[in-house]
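> One predicted model, sequence on top.
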Amino acid sequence: MTNAIELQGIRKTFGPKVAVDGLDLVIPAGLMVGVIGPNGAGKTTTIRMIMSILFPDSGRLSVLGRASAVQSKDRIGYLPEERGLYKKMRVGAFLTYVARLKGVDATGLQGRVNGWLERVGLADCARKKCEELSKGMQQKVQFVGTIIHEPDLIILDEPFSGLDPVNSRLLTSLIREQHAAGRTVLFSTHQMSQAEALCDRIVMIHQGRKVLDNTPEEIRSRFDPRAIAFQPAGSLASGPPPHPDIESLEAAPGHVRAHLRDGASPGAVVAAIAAAIPCNRIEVVRPTLDDVFVDIVTRGESGDRQALLESLRSGGDMGGD
Amino acid sequence: MLKVFHIAVRDFKATVFTKAFLIGALVPPLIMLVAIPLVTMLIKNEPPPVKGRVRVIDLSGDASVVQRVGTALSPEALRERVQTDLREGTDKAKEQIDAMVPAGQAQQAKAMMDAQAGAAARGVPELVVVTDPPANPVADVEKEKDLLRPRSNASDAGAEPNPDAPLALVVVLEHAVMPGPDGTLEGFDLFVRPKVDIRVQGLLRQQVRRAIVDARLAAAGHDPAKMASLLRLDAPAAVEMTDSGEKKSSELRQILVPLAFMILLWVSTFSGGQMLLTSTIEEKSNRIMEVLLSAVSPVQLMTGKILGQMAASLAILGLYSVLGLSAITALNRADLIETRYLVYLFVFFFIAYFTIASMMAAIGSAVNDIHEANSLLTPVMLVVTAPMVLMMPIIFNPKGMLATVLSFTPPVSPFVMLLRVCSSDPPPTWQVLLSMLVGVLTVIALVRIAAKVFRVGVLMYGKAPNFATLIRWIRMA
């Protein structure tokens, strides 16, 4: 399997600020990869360097087997974070123009544009001016513009920002479809749930460095904080914990949380707790990507970990970087 | 490059096929076509019909004065005077037309003037002269003046004066014809009621003046009619001796031709630059830049935009050139325009356009919106409007120090050199070629700098840039 994207020791500075610091990244062809990271982590800068819109100060990169995306721009579909439309241009004309710029032949292009507009529910909008569309409709037009030339590599910077759940689901299915057709997809997002549900692999960038690069499953297991939550039937008797692998017991509203030592086996501890204390409910606490994300971001930082976690769980959009 | 072409085509269409462009480009010439006849029609030299009595009081005692004034103010004399004046004015204007337009082709213009003169003649005031019977003692001047006033009754204030009141009062002073004891001559006083048309007043003054002068001549023993014919002499226009023959020297040609070419160049290149600026800012503020940059490089994008707006600019230049040339051909004075002027116009158009366009592209890419552009535009505009301000000294002295130095000074060199080559005293060929070389080198340098600013600027949002920022970007790129 060839690699769609290869980055080696990429570094980019803007004046005194280091945006990307020695980033290595290999993305094999055909994979769907999510790039996550807090604001200002360097996601957009990295994507722009992959697109040859910015150029790294040092390091080596190759895109679709070429040394620069400039040579393979027509095979890449790119939805930037800063995306807009010509207000006065008609939707059909805009998509045709974008496709022509991407080297699509004029013959049959009209049919292709109309077909795509139909697929995203904008069949009657081809003659409308872009400024007449709602924001969600514009987003869909932009997505169609990204893939209209049937690229091998699709790069989407924050594709879900500003979409309502219905359109978000439509976009998810469209991205899945592109992936199923064998195309490499790379997208950045703040919405962990989307990345978790869609991606074969998740890359996390923090302060210009790659801090995670694995499958969602592996990431979760690696960052398993190994806690077990249980709800005692009566009052919890004081005394030593029922299993030596339990580091501490913490009373939380409505339940008790048992934090495990490293290397402990959750199954044995659950059995021990169940035997020692009558419980209404007992479960292993699975970390979500949100937990991982927040854990890495706040490690060594004095940020309000709980608040960040809450904001992520409520699905709040954190904006671009 | 096919992509550059697609960008250029889109930019051209987006600029030219808009109502704003069509109105902006077509309306000024249309306004001129409509406005000139309309304004001429409106300002027809026709005074409102005036009827009234003119009271003449003669204090000089010269018997002929009153009679001469009466004759001078008679309807026939007035009509003749009005027509003579108009003819003289019209002749002067016709002479100007003759300088620009050869005989035979100006008939229409002249006919229009004659028609106007006829219309003016119809508006001659009808005056009745009232004099004192010779036997009567001299009337009371103050009392007669009072008669001209509107009624001073408060309730009647501002109302029309008594319709029976005279229109004007002419007082011929005592020593108007024969000098007084100290040898000085006097003239006359003229009093009118309020709101008398200024042309009627002028006519009255002129006619009374002539009547008194005639009376003086007669008193001195001359024949006024003979004197008038002796004093009539026209000054002819100078004739220029050229190799191809004789032609009437025309100040108009000397000024108008370079002026027209320079304005044509200026208007077309600046509207192109302005359109490029707006379209670049639009792409940036609508966040389209990065979408485009996923398909093309910044330099391709800039090149495409500059070429697209150049086509729009050329459309304006072409349109105005064709309009101007057809106008001048209709007047049969195509000889004013030499073919080389047109060649120079287009050569300098390309130099001037690329000079301005590269500056506009750099500014447009750097700013977030049109307001921020103003602070960067002001110094640029100050420099490039210099040829407009200095146009007259350059036209009048096309080989002077100012003209020569400026025609090699970027970025104004193409404008100034075009003025010089179209003037009646064109510079030597080596200077023209040197100026072109300076222009081309300037264009190369500016396009390179603009590309650097453009590459960085199109993705920069936030703080309004200043020139220091631009220089930092140039170093960065």
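Good, I have the coordinates. Since the model is a prediction, treat every value here as computed from it, not as a measurement.
> Enumerate the positions of stretch A:163-178 that are buried.
A:163, A:167, A:168, A:170, A:171, A:172, A:174, A:175, A:178 (16 or more other C-beta atoms under 10 Å in any protein chain shown). The C-beta positions use only the backbone N, C-alpha and C, and glycine is treated the same way.
> Flag the shaky bits of chain B, pLDDT-wise.
B:40, B:43-48, B:90, B:92-123, B:133-139, B:151-164, B:242-253, B:462, B:477 (pLDDT under 70).
> domain parsing for it?
Per automatic domain parsing, the domain ranges recorded for chain B read B:52-74+B:127-227, B:249-476.
> Nearest to residue A:26 among those would be which one?
Among those, the nearest to residue A:26 by C-beta to C-beta is domain B:249-476 (22.1 Å).
> do that closest one and chain A meet at all?
Yes. Using C-beta under 8 Å from any C-beta of the partner chain, domain B:249-476 reaches chain A at B:282-283, B:286-297, B:459, B:461.
> Could you tell me which of these belong to helices?
Among the residues of domain B:249-476 next to chain A, the ones falling in helices (DSSP state H) are B:282, B:283, B:289, B:290, B:291, B:292, B:293.
> what about the helices in chain A?
Using DSSP H, helices in chain A cover A:43-50, A:91-101, A:109-119, A:135-147, A:165-180, A:192-198, A:216-222, A:266-276, A:289-298, A:305-313.
> Which among those is found nearest to chain B?
helix A:91-101 (4.0 Å; C-beta to the nearest C-beta).
> Export only the CA atoms of the closest one, formatted as CSV.
Extracted in CSV, the C-alpha atoms of helix A:91-101 (Å, rounded to 0.1, in the frame of the first residue of the first chain):
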residue,chain,number,x,y,z
VAL,A,91,-24.3,28.1,-7.8
GLY,A,92,-24.0,26.1,-11.0
ALA,A,93,-21.5,28.5,-12.6
PHE,A,94,-19.4,28.5,-9.4
LEU,A,95,-19.2,24.7,-9.3
THR,A,96,-18.4,24.6,-13.0
TYR,A,97,-15.6,27.2,-12.5
VAL,A,98,-14.1,25.3,-9.6
ALA,A,99,-14.2,22.0,-11.5
ARG,A,100,-12.6,23.7,-14.6
LEU,A,101,-9.8,25.1,-12.3
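> most tightly surrounded among the domains of chain B?
Highest mean neighbour count of the domains of chain B: domain B:249-476, a mean of 19 (counted as mean count of other C-beta atoms under 10 Å in any protein chain shown).
> ok now that domain, how far from the chain's centre?
Distance, stretch centre to chain centre, for domain B:249-476: 24 Å (C-alpha atoms, centre = their mean, to the nearest Å).
> If I average pLDDT within each of the helices of chain A, which one is lowest?
Per-stretch mean pLDDT for those is lowest at helix A:305-313 (a mean of 52).
> In space, what's closest to residue B:184 - neighbours in sequence excluded?
Nearest residue to residue B:184, sequence neighbours excluded (C-beta to C-beta, 6 or more residues apart in numbering or on different chains): residue B:175, at 6.9 Å.
> Please tell me I have it right and that neighbour contacts residue B:185.
Yes. Proximity of residue B:175 to residue B:185 meets the contact threshold set by C-beta atoms under 8 Å, at 5.9 Å.
> now residue 286, nearest residue through space, not along the chain?
In the absence of a named chain, this looks at chain A. residue A:220 (6.8 Å).
> other chain: chain B
With C-beta to C-beta, 6+ apart as the criterion, residue B:286 has its nearest non-adjacent residue at 4.0 Å, and that residue is residue A:84.
> I'd like the distance between residue A:297 and residue A:221.
Residue A:297 is 20 Å from residue A:221, where distance means C-beta to C-beta, to the nearest Å.
> Ok, residue B:216 next?
For residue B:216, the distance to residue A:221 - C-beta to C-beta - is 126 Å.
> Residue B:317 now?
Taking C-beta to C-beta as the measure, residue B:317 falls 71 Å from residue A:221.
> hang on, residue B:255 packs against residue B:395?
Yes. The criterion here is C-beta under 8 Å, and residue B:255 meets it with residue B:395 at 5.7 Å.
> Tell me the residues of chain A that contact chain B?
Selection of chain A residues close to chain B by C-beta under 8 Å from any C-beta yields A:48, A:51-54, A:70, A:73-74, A:76-78, A:80-89, A:97-98, A:100-103, A:142, A:145.
> ok but residue B:56 is inside a strand, no?
Yes. Under DSSP: H, G, I helix; E, B strand; the rest coil, residue B:56 sits within a strand.
> distance of the residue in the stretch 151-300 of chain A that chain B sits nearest to from residue A:34?
Ranked by C-beta to the nearest C-beta, the top residue of the stretch 151-300 of chain A for proximity to chain B is residue A:155, at 8.4 Å. To residue A:34, residue A:155 is 12 Å away according to C-beta to C-beta.
> between these two, which one's more packed in?
Between residue A:155 and residue A:34, counting by other C-beta atoms under 10 Å in any protein chain shown, residue A:155 is the more crowded of the two (28 against 25).
> how much space between that one and residue A:44?
Look at residue A:155 and residue A:44: by C-beta to C-beta, they are 11 Å apart.
> for residue B:309, what are its contacts?
Residues counted as contacts of residue B:309 (C-beta atoms under 8 Å, 6 or more residues apart in numbering or on different chains) are B:11, B:12, B:15, B:272, B:273, B:275, B:276, B:279, B:357.
> among those residues, which two are most distant?
Spatial extent of the contacts of residue B:309 (C-beta to C-beta) is set by the pair B:12 and B:273 at 15.0 Å.
> mean confidence score for stretch A:6-15?
Across stretch A:6-15, pLDDT averages out at 88.
> go on, stretch A:71-78?
87.
> Pull up the distance across that stretch, start to finish.
Terminal residues of stretch A:71-78 lie 15 Å apart, using C-alpha to C-alpha, to the nearest Å.
> Switch the ones in helices among the residues of domain B:249-476 next to chain A over to TSV; also include distance to residue B:241.
As requested, those are exported to TSV (distance: C-beta to C-beta, whole Å):
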residue	distance to residue B:241
B:282	57
B:283	59
B:289	62
B:290	67
B:291	66
B:292	62
B:293	64
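> now, which of these sits nearest chain A?
Among those, residue B:290 lies closest to chain A (C-beta to the nearest C-beta), at 3.7 Å.
> any idea how far the residue nearest to residue B:184 lies from residue B:425?
Where residue B:425 is concerned, residue B:175 sits at a distance of 56 Å (C-beta to C-beta).
> For residue B:293, list the residues it contacts.
Going by C-beta under 8 Å, 6+ apart, residue B:293 touches A:51, A:53, B:301, B:458, B:459.
> if we go to 7 Å?
With contact taken as C-beta atoms under 7 Å, 6 or more residues apart in numbering or on different chains, residue B:293 is in contact with A:53, B:301.
> From residue A:87, how far out is it?
To residue A:87, residue B:293 is 19 Å away according to C-beta to C-beta.
> how does chain A divide up, domain by domain?
Using automatic domain parsing, the domain ranges for chain A come out as A:3-220, A:225-285.
> can you list those in JSON lines and add distance to residue B:53?
Shown next, in JSON lines, are those (distance: least, C-beta to C-beta, whole Å):
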{"stretch": "domain A:3-220", "distance to residue B:53": "70"}
{"stretch": "domain A:225-285", "distance to residue B:53": "113"}
